[in-house]
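**Q** Below is the structure, and that's it, no one-letter string:
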């Protein structure tokens, strides 16, 4: 199936064609027709499968075919709530890209920056508002945002929203929305808390699932190194000696840990930067641009900051710290191998994290492949210099044997 078979209007098809979008992903193929038919939708799809386009395209079409009757200032007719600044910016960019020939106007609001430019955009009038919960409630209290005219409401990354403690903010926002509206929930995982919330807010929703709950993409290869806490940095450097790993998103559990890893890699002359909630928004956007432009080789991120990072063709993700919540692992590795591309995730596990690996494998219903060629195995002590030398010699011997065998086959 192609996008042109989904009854999408010409202005949007033209924009999609320019972006070289021809074949919809599974979530797009299933969700777009349902949303165009004005159903409430509860969508579950793993990270990187195109959820944003699945709701942005039909909402833009609705808004284009239902021009505002009021003269003067535009009123907010669609509201998208999402947990992080990065994801909010990404979603707003998607609305701009897909709607470039529709005349539909959008803006994004989030905390951590001065509100002047955001309130100015709101005063000029918009059709679509993309927002994080805290800044939205703040601007509502100040009188800059009114939700009386919202006809389309999207709660994106709903599971993460609840994990981050936004449930009370979400309820306050929903209380201000018109009762008659089309509501859409999209989430990478579908825990019982999301299903329960959806029952209270969605009206007889259609459920869309394109993969088993909390599964990982088939195009993503997963590898696991067992090591000691004291040798994690050494093992990381060993992994990064592989020149093919030219762009990698590396996860740390804490902000402090992210800064420490970034500092360590910079000392090793590896182009690196850290991104987390304590960094200023302009710094975060600058670092993201540098990473996308491949000026940085490694971007170290915490889980919260990484939501919304969408790097085209990103192949490698490294879990420097194993997450203690299994679902978080799915979100992390979903940054690579997006939309059908191949990806590789590498996890570095110390003894204290062994239990987390068991939880992850239980959740994803598969074993992560263990890398046995490891100079820093999980033992009571790291390898001695002599052992490491012997290890490297054996590795080189096997590599030579491999290429010799391959050359014989070619003959």
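**A** Looks like it arrived, so ask away. Computed from a prediction, not measured in an experiment: that's the story for all the values here. Numbering: from 1, shown residues only.

**Q** contacts and neighbour counts: CA atoms only from here.
**A** OK.

**Q** quick one: low-confidence parts of the stretch 51-200 of the chain?
**A** In the predicted model of the stretch 51-200 of the chain, residues 68-73 satisfy pLDDT under 70.

**Q** So which residues of it form helices?
**A** Here the stretch 51-200 of the chain has its helices, by DSSP state H, counting those that start in this stretch, at 51-65, 85-98, 116-124, 133-141, 158-163, 167-175, 192-201.

**Q** Tabulate these in CSV, adding columns for mean neighbour count and distance to residue 152.
**A** Listed next are the helices of the stretch 51-200 of the chain as CSV, based on neighbours: other C-alpha atoms under 10 Å; distance: least, C-alpha to C-alpha, whole Å:
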stretch, mean neighbour count, distance to residue 152
helix 51-65, 21, 7
helix 85-98, 21, 14
helix 116-124, 14, 18
helix 133-141, 17, 16
helix 158-163, 20, 16
helix 167-175, 14, 12
helix 192-201, 14, 13
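
**Q** Out of the ones you listed, the one nearest residue 263 is which?
**A** helix 85-98 (23.1 Å; C-alpha to C-alpha).

**Q** now what about that closest one, what contacts it?
**A** For helix 85-98, contacts defined as C-alpha atoms under 8 Å, 6 or more residues apart in numbering pick out 12, 15-16, 52-53, 56-57, 60, 81-82, 105-111, 130-132, 305-310.

**Q** Now, those that are in strands?
**A** Among those, DSSP state E puts 81, 106-109, 130-131 in strands.

**Q** out of the residues you listed, which one sits closest to residue 332?
**A** For the ones in strands among the contacts of helix 85-98, the nearest to residue 332 is residue 81 (20.7 Å; C-alpha to C-alpha).

**Q** What's opposite the closest one in the beta bridge?
**A** Beta-bridge pairing of residue 81, defined through DSSP bridges, involves residue 131, residue 155.

**Q** what about it, neighbour count?
**A** Using other C-alpha atoms under 10 Å, the number of residues around residue 81 comes to 24.

**Q** OK, contacts around it?
**A** For residue 81, the contacting residues are 88, 130-133, 154-156, by C-alpha under 8 Å, 6+ apart.

**Q** Turn those into JSON lines, columns for distance to residue 359.
**A** JSON lines is the format used below for the contacts of residue 81 (distance: C-alpha to C-alpha, whole Å):
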{"residue": "88", "distance to residue 359": "30"}
{"residue": "130", "distance to residue 359": "34"}
{"residue": "131", "distance to residue 359": "33"}
{"residue": "132", "distance to residue 359": "31"}
{"residue": "133", "distance to residue 359": "31"}
{"residue": "154", "distance to residue 359": "31"}
{"residue": "155", "distance to residue 359": "28"}
{"residue": "156", "distance to residue 359": "26"}
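
**Q** In PyMOL, how would I select the buried members of the residues you listed?
**A** The following PyMOL line selects those of the contacts of residue 81 that are buried, judged by 16 or more other C-alpha atoms under 10 Å:
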select buried, resi 88+130+131+132+133+154+155+156
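
**Q** hmm, back to that, the helices of the stretch 51-200 of the chain: which one's closest to residue 370?
**A** helix 158-163 (28.9 Å).

**Q** pretty sure residue 368 is touching residue 226, no?
**A** No - using C-alpha atoms under 8 Å as the test, residue 368 is too far from residue 226 to be in contact (11.5 Å).

**Q** who's more crowded, these two?
**A** Neighbours per residue (other C-alpha under 10 Å) separate residue 368 from residue 226, with residue 226 holding more: 22 against 19.

**Q** Write down the beta-bridge partners of that one, one by one.
**A** Residue 226 has the following beta-bridge partners by DSSP bridges: residue 349.

**Q** Make residue 1 into 654 and carry on from there
**A** Let's use 654 as the start, then, which means that last one is residue 879.

**Q** Which pLDDT value goes with it?
**A** pLDDT, residue 879: 95.

**Q** could you measure it against residue 762, distance?
**A** Separation of residue 879 from residue 762 (C-alpha to C-alpha, to the nearest Å): 42 Å.
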